[in-house]
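Student: got a structure for you, letters missing:
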């Protein structure tokens, strides 16, 4: 009984594994499309804009620290 099942071409386990593989492939294909869109959007923004955002944020942080330190110094 076991030998007849082992020699069969399409075992139920094999078909089940193929179905799982197809589902995983479909999911990864959609994930790849989402990742591709995300990287295209990220690369389309110029590097200069990203650098400017960082520099403005740092300058604002320095100004805030100076104001806080002056406030504490003058409050005493």
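Tutor: Alright, I've got the coordinates. Predicted model, so just to flag it, every value in this text is computed and none were measured. Residues are numbered from 1 along each chain as shown.

Student: Where does pLDDT dip in the chain?
Tutor: 1-9, 24-27, 43-45 (pLDDT under 70).

Student: what about residue 71, distance to residue 58?
Tutor: 21 Å (CB to CB, to the nearest Å). From N, CA and C alone the C-beta is placed, and that goes for glycine too.

Student: give me the element the residue nearest in space to the middle of the chain is part of.
Tutor: Most central in the chain under CA atoms, centre = their mean is residue 35, positioned 7.1 Å from the mean C-alpha point. Per DSSP states H and E: residue 35 is located in helix 12-44.

Student: the domain parsing of the chain - what is it?
Tutor: Domain assignment for the chain by automatic domain parsing gives 1-44, 46-76.

Student: So what's the residue count around residue 56?
Tutor: 10 (other CB atoms under 10 Å).

Student: Could you check which helix or strand contains it?
Tutor: helix 47-75.

Student: That helix to helix 12-44, inter-axis angle?
Tutor: 70 degrees (axes from the mean of the first three to the mean of the last three CA atoms, to 10 degrees).

Student: helices or strands up against helix 47-75?
Tutor: With contacts defined as 3 or more CB pairs under 8 Å, 6 or more residues apart in numbering; DSSP states H and E, there are no secondary structure elements packing on helix 47-75.

Student: Please identify the buried residues of it?
Tutor: Going by neighbour count (16 or more other CB atoms under 10 Å), nothing in helix 47-75 comes out as buried.

Student: just use 29 as the starting number from now, easier for me
Tutor: All right, first residue 29 from here; so that's helix 75-103.

Student: From the chain's centroid, how far away is stretch 68-79?
Tutor: 16 Å (CA atoms, centre = their mean, to the nearest Å).
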